[in-house]
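Chemist: Mind folding the following:
(2 chains)
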Amino acid sequence: MYIKEKIYRWIFTVLAFSSFVFLVGIIIVLFRESLPLFQKVRLFDFLLGRFWYPTYDPPEFGILPLILASVWVTCGALCVCVPLGIGSALFLNELATPGQRAVLKPLIEILASIPSIVYGFFGMVVLAPFLQQLLHIPVGLCAFSASLILGIMAVPTVCSIAEDALSYVPRSFREASFAVGANRWQTLTKVVIPAAGSGISTAIILGISRAIGETMTVLMVAGGAAVIPTSFFMPVRPMTAAIAAEMGEAPMGGLHYRALFSIALILFLITFLFNIIAELVSRRFRLKLGLAQ
Amino acid sequence: MKKDFSQTIGFFFLFCCILVTILLLLTIIYFVFVRGAKVISWEFLTQAPRAGMTAGGVAPAIVGTMYLTLGAIMFALPLGIAAAIYLCEYSPQGFAVNIIRMSINNLAGVPSVVFGLFGLTVFVKFFGFGVSMLSGCLTLGILVLPLIISAAQEALLAVPQSMREASLALGATHWQTIKKIVLPTSLPGILTGVILSIGRVAGETAPILFTAAAFYLRGYPKSIFSEVMALPYHIYALMTEGAHPQQQTAIAYGCALILLFLVLLVSTVAIFIRQKQRSYYG
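Modeler: Numbers count the residues shown, from 1 in each chain, chains lettered A, B, ... in the order given. Below you'll find the model as predicted:
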């Protein structure tokens, strides 16, 4: 009996480490496949090179245009998803009647499950032609369209996480504020939002992390030109799009292949960093409100 | 008076936020449903593509998506439940648990295209599975593992502590308690989480781009080592390859409609069941 218990405990312990094994596996694969590149190309030239011509002879592997494209598109997406997501979360948590809440909250959750390929497809066939006509821009598939569609896509995620954070703010905070004569808007802006502040920032950080790593949408909508962006209405090629578009034709083990893995490594490190920051911030938030964990 | 005025403006702004959000998302669904409905027919759902992807149906892609989803869940489910049982029942604290938790959180944030590269290197090349359904299922399985773990954890935590104590007090061992009391009680919750993750797996494209997907196959996949067609990849390929953009866009609308319908159906069901369960447990 005792031995059997021990065996089961061991089995579960081993299986529980699978996520750790996969994470370490991903890190090893990314480093192993990308490091040989830096015997040929200097890290400095790779990160800050202005030209991405991987198939030319001689090839140029400067990923600055790709990094900047990711940054532009992500910043653009934030301008859409932060106000809409957090505004929606505040509405759900503070203003909605129980009836509205019962409809809107599940609705947002269901909408969060729309696959990214559908957003990409919609952006390509509906949004891009529409924006091209509306704004009289030369190409519809550009950083602006990509930001817009990526931002809309991230709204449900940001909204759900921010709504969670708001629901943790104790009732007593609000009651104390009402008791000293504040109205609902003052309570919201001066008490609830500051109290949920770090929880809301977690939502924003995770939103950034999701937008930077998103692949199919930007692959289809951003336009794909690997040049340093100078305007929001230019086609760009973010890092994820470069990997997805070029991996198929890059010869296995060649420099181009290694360069794409290096981009993936940088992408991984960025999202890793953002996730850790998000975790630290949310831990502080929970401590501040006296919640467990 | 002034503070009431700013309250009205502020509340109106918040109302606009949620209105705009819902309207934008419904617009996307509306376009896909209205334009996709034109090409949906019995033939479209049951036939293979013909005439250079401009006619016929997308049945192999629908079937392929189902295979990939089922395979991924079958791989991730045992691992996910085991990890959740370890975290909730055996060892809720300690150094090892912190490492596991950190891994799960970070795995959940890894960009999907990076999973694709991992699958390409490990399953396709290193294990020699080639571009195949098996490689695709394993890659998607790893991607969905964090989701399944957190769903299972939530379900296990909802089991009242008193039930475990009652079982242990009767002389049952730890494992007997888990097997006979905790797992059966939490099963509905775990299943809901699984259904939700089905929606996520079915729509993923980037991880199968280099590990499993093919644009055109003559029939259904014959074994786990053959390539598969999949709805999300099919949409992408129709929009970026081929010589007949107009007919292909129409077919892509049809594929998007089927995919969106399946995913929304699955997640609606799961979310409603979950709400029922949550109100049941209080």
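
Chemist: Does the nearest residue to B:Gly36 once chain neighbours are set aside belong to a helix, a strand or coil?
Modeler: Closest residue to B:Gly36 apart from its sequence neighbours, by Cβ to Cβ, 6 or more residues apart in numbering or on different chains: B:Leu257 at 2.8 Å. For glycine as for every other residue, the C-beta is placed from the backbone atoms N, C-alpha and C. What DSSP: H, G, I helix; E, B strand; the rest coil gives for B:Leu257 is helix.

Chemist: Can you report how many residues lie near A:Leu141?
Modeler: 22 (other Cβ atoms under 10 Å in any protein chain shown).

Chemist: And A:Phe61, its phi and psi?
Modeler: phi -120, psi 70 (degrees, to the nearest 10).

Chemist: Next, work out how far apart the closest residue to chain A within the stretch 101-250 of chain B and A:Val236 are.
Modeler: Nearest residue of the stretch 101-250 of chain B to chain A (Cβ to the nearest Cβ) works out as B:Gly203 at 2.4 Å. B:Gly203 sits 24 Å away from A:Val236, going by Cβ to Cβ, to the nearest Å.

Chemist: Looking at these two, which is more packed in?
Modeler: Using other Cβ under 10 Å, the more surrounded residue of B:Gly203 and A:Val236 is A:Val236, with 29 against 24.

Chemist: Give me the below-cutoff pLDDT ranges for the stretch 1-150 of chain B.
Modeler: B:1-2, B:51-54, B:92 (pLDDT under 70).

Chemist: Repeat the analysis, applying 50 as the threshold.
Modeler: Across the stretch 1-150 of chain B, nothing is flagged by pLDDT under 50.

Chemist: That one: strands as residue ranges?
Modeler: Using DSSP state E, counting those that start in this stretch, the strands of the stretch 1-150 of chain B run over B:49-50, B:55-56.

Chemist: Ranking those by mean neighbour count, which comes first?
Modeler: strand B:49-50 (a mean of 16; mean count of other Cβ atoms under 10 Å in any protein chain shown).

Chemist: Out of the strands of the stretch 1-150 of chain B, which is closest to chain A?
Modeler: Proximity to chain A (Cβ to the nearest Cβ) singles out strand B:49-50 among the strands of the stretch 1-150 of chain B, at 17.6 Å.

Chemist: how about the strands of the stretch 1-150 of chain B in CSV, adding distance to B:Ile73?
Modeler: What follows is the strands of the stretch 1-150 of chain B, written out as CSV (distance: least, Cβ to Cβ, whole Å):
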stretch, distance to B:Ile73
strand B:49-50, 27
strand B:55-56, 29
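
Chemist: want to throw those strands into TSV with distance to chain A?
Modeler: Listed next are the strands of the stretch 1-150 of chain B as TSV, based on distance: least, Cβ to the nearest Cβ, whole Å:
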stretch	distance to chain A
strand B:49-50	18
strand B:55-56	20
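
Chemist: out of the ones you listed, which comes closest to B:Val266?
Modeler: Evaluated over the strands of the stretch 1-150 of chain B, closeness to B:Val266 peaks at strand B:49-50, with 24.9 Å, by Cβ to Cβ.

Chemist: and that closest one, what does it pack onto?
Modeler: When contacts are defined as 3 or more Cβ pairs under 8 Å, 6 or more residues apart in numbering or on different chains; DSSP states H and E, strand B:49-50 packs onto strand B:55-56.

Chemist: ok now do the residue nearest to the spatial centre of chain B, which residues does it touch?
Modeler: Closest to where the C-alpha atoms of chain B average out (Cα atoms, centre = their mean) is B:Arg200, at 2.1 Å. Going by Cβ atoms under 8 Å, 6 or more residues apart in numbering or on different chains, B:Arg200 touches A:113, B:144, B:147.
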